[in-house]
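Undergrad: any chance you can model this:
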Amino acid sequence: MYWPELYSIVATAGLQANAQNIPPPRHLGDENWRWTLLQRTHSIIKALALQVFLVGDERMEVAYTLNHLGWVYIDRDNLATADSLFRRSLAIRQKSVGNKHPSVGLAMHNLATLVYFPKNDLDGAEVMITGALEIFRTSLPGNHPNTATILNSMGRLRIKQGDPRAAEPFFREA
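TA: Got it, this is the predicted structure:
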């Protein structure tokens with residue numbers, strides 16, 4: 001079980017009434033963004049604790065909730081916590097549905113684009129995007145939108161690596 005990790009997240013999530021140190025999320029434009037972000041954090045952590053209590057910590061429901069909580073920490077510009085949550089979500093998905101399921105590919109894509117890109121960890125991003133692309137190409141129809149999203153991310157990765165010519169085929173295929 002990962003209760004110590006969950007407890008650590010709850011203890012450090014800024015759940016106190018004072019939210020002054022939370023940076024503004026990129027997409028919340030209203031004046032109540034701090035309150036909105038705190039409400040989201042509270043709600044998701046409560047849901048996560050309840051799910052772990054009711055069904056255990058290795059179920060897909062828990063993986064999805066960890067993923068949602070990871071998005072909240074992305075909004076809070078806390079990449080380290082988001083990284084931990086996305087990794088745990090990925091591990092649960094791999095254990096639950098196997099390494100070749102589209103849900104695993106989505107979790108890999110989240111790690112690559114939401115955590116590794118901002119940290120400029122291009123090698124880590126390449127491993128995750130390549131794995132996600134392989135999963136989607138073998139498990140989804142060729143014209144599936146998720147495959148196009150991964151192809152676009154691979155093109156963005158090639159540009160970040162300084163090779164725009166290598167990016168072009170991925171953008172064209174997307």
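
Undergrad: so for the longest helix belonging to the chain, mean pLDDT?
TA: Taking DSSP state H as the criterion, the chain has its longest helix at helix 33-55. Confidence over helix 33-55 (mean pLDDT, whole number) is 76.

Undergrad: which residues of this structure fall in helices?
TA: All helices of the chain, identified by DSSP H, fall at 3-12, 33-55, 60-75, 79-97, 102-110, 122-139, 145-160, 164-173.

Undergrad: just give the closest residue to Ile159, not the sequence neighbours.
TA: By the measure of C-beta to C-beta, 6 or more residues apart in numbering, the closest residue to Ile159 outside its immediate chain neighbours is Ala167, 4.9 Å from it. (Each C-beta comes from the backbone N, C-alpha and C, glycine too.)

Undergrad: got a list of what the one you found touches?
TA: Listed by C-beta atoms under 8 Å, 6 or more residues apart in numbering, the contact set of Ala167 reads 154-159.

Undergrad: going by distance to Ile135, which of the residues you listed wins?
TA: Met154 (13.1 Å; C-beta to C-beta).

Undergrad: wait, that closest one sits on Leu133?
TA: Yes - using C-beta atoms under 8 Å, Met154 is in contact with Leu133, at 6.2 Å.

Undergrad: of those two, who's got more company?
TA: Using other C-beta atoms under 10 Å as the criterion, Met154 and Leu133 rank with Met154 on top: 24 against 21.

Undergrad: show me the contacts for the more buried one.
TA: For Met154, the contact set (C-beta under 8 Å, 6+ apart) comprises 129-130, 133, 167, 170.

Undergrad: swap the cut-off to 7 Å and go again
TA: Neighbouring residues of Met154 by C-beta atoms under 7 Å, 6 or more residues apart in numbering: 129, 133, 170.

Undergrad: again with Val127
TA: With C-beta under 7 Å, 6+ apart, Val127 has no contacts at all.

Undergrad: now do 10 Å
TA: 108, 111-112, 116, 121 (C-beta atoms under 10 Å, 6 or more residues apart in numbering).

Undergrad: low pLDDT regions in this protein?
TA: 1-37 (pLDDT under 70).

Undergrad: highest mean neighbour count out of the helices of the chain?
TA: helix 102-110 (a mean of 24; mean count of other C-beta atoms under 10 Å).

Undergrad: distance from that helix to the middle of the chain?
TA: 8 Å (C-alpha atoms, centre = their mean, to the nearest Å).

Undergrad: gap between the nearest residue to Ile135 once chain neighbours are set aside and Ala82?
TA: Of all residues not flanking Ile135 in the chain, Gly105 sits nearest, at 3.7 Å (C-beta to C-beta, 6+ apart). Per C-beta to C-beta, to the nearest Å, Gly105 is found 18 Å from Ala82.
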